[in-house]
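Chemist: Build me a model:
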Amino acid sequence: MDVTIYEYSKCSTCRKAVKWLKDQGHNVKQVPIIEEPPTVQELEKLVASSGLELKKWFNTSGEVYKALQLKDKLSGMSVEEQLKLLSENGKLLKRPIVTDGQKTTIGYKEEQYEKEWA
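Modeler: Coordinates of the predicted model:
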């Protein structure tokens, strides 16, 4: 199966996810999330295919999230504003993001990958 993974090469969790996917025989297209974050239009599709609410897409433990004080600001922002923010800064996105065009997962937990990508 062909999958695309938005990942950060220095992130050990992302490296584990890439290895797991390749070990399962997936053809993995790696996209550097910091240099090439998904566009607003891509994010709309990814979020919809994940079934998750938008706030789950934010990397809440990241420095940029904390520096921008988004914990207090997100609830007052529109969906469009949140998507624009995520598309402009890959460090704000929870990673890795894996998609086959039909379904999308964020983060890496082996149990979840077994269920979704095995």
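
Chemist: Poorly predicted segments of this structure, please.
Modeler: Residues of the chain meeting the criterion pLDDT under 70: none.

Chemist: Enumerate every residue touching residue 24.
Modeler: Residue 24 sits next to 117, 118 when contact means C-beta atoms under 8 Å, 6 or more residues apart in numbering. For every residue, glycine as well, the C-beta is placed using N, CA and C.

Chemist: which residue lies farthest from the center of the chain?
Modeler: residue 76 (22.2 Å; C-alpha atoms, centre = their mean).

Chemist: Mind telling me which residue is nearest the centre of the protein?
Modeler: Central residue of the chain (C-alpha atoms, centre = their mean): residue 97, at 3.2 Å.

Chemist: residues in contact with that one?
Modeler: Taking C-beta under 8 Å, 6+ apart as the definition, contacts of residue 97 comprise 5, 6, 7, 33, 38, 46, 104, 105, 106.

Chemist: Next one: the fourth one from residue 25, what distance?
Modeler: In this case it means residue 33. 23 Å (C-beta to C-beta, to the nearest Å).

Chemist: and residue 88, how many neighbours?
Modeler: For residue 88, the count of nearby residues is 11 (other C-beta atoms under 10 Å).

Chemist: Please enumerate the helices of this structure.
Modeler: Counting by DSSP state H, the chain has helices at residues 12-23, 40-50, 63-67, 70-73, 79-88, 110-117.

Chemist: closest to residue 29 out of those?
Modeler: Nearest of the helices of the chain to residue 29, taken as C-beta to C-beta: helix 12-23 at 10.4 Å.

Chemist: just checking, what packs against the closest one?
Modeler: strand 2-7, strand 27-32, helix 110-117 (3 or more C-beta pairs under 8 Å, 6 or more residues apart in numbering; DSSP states H and E).
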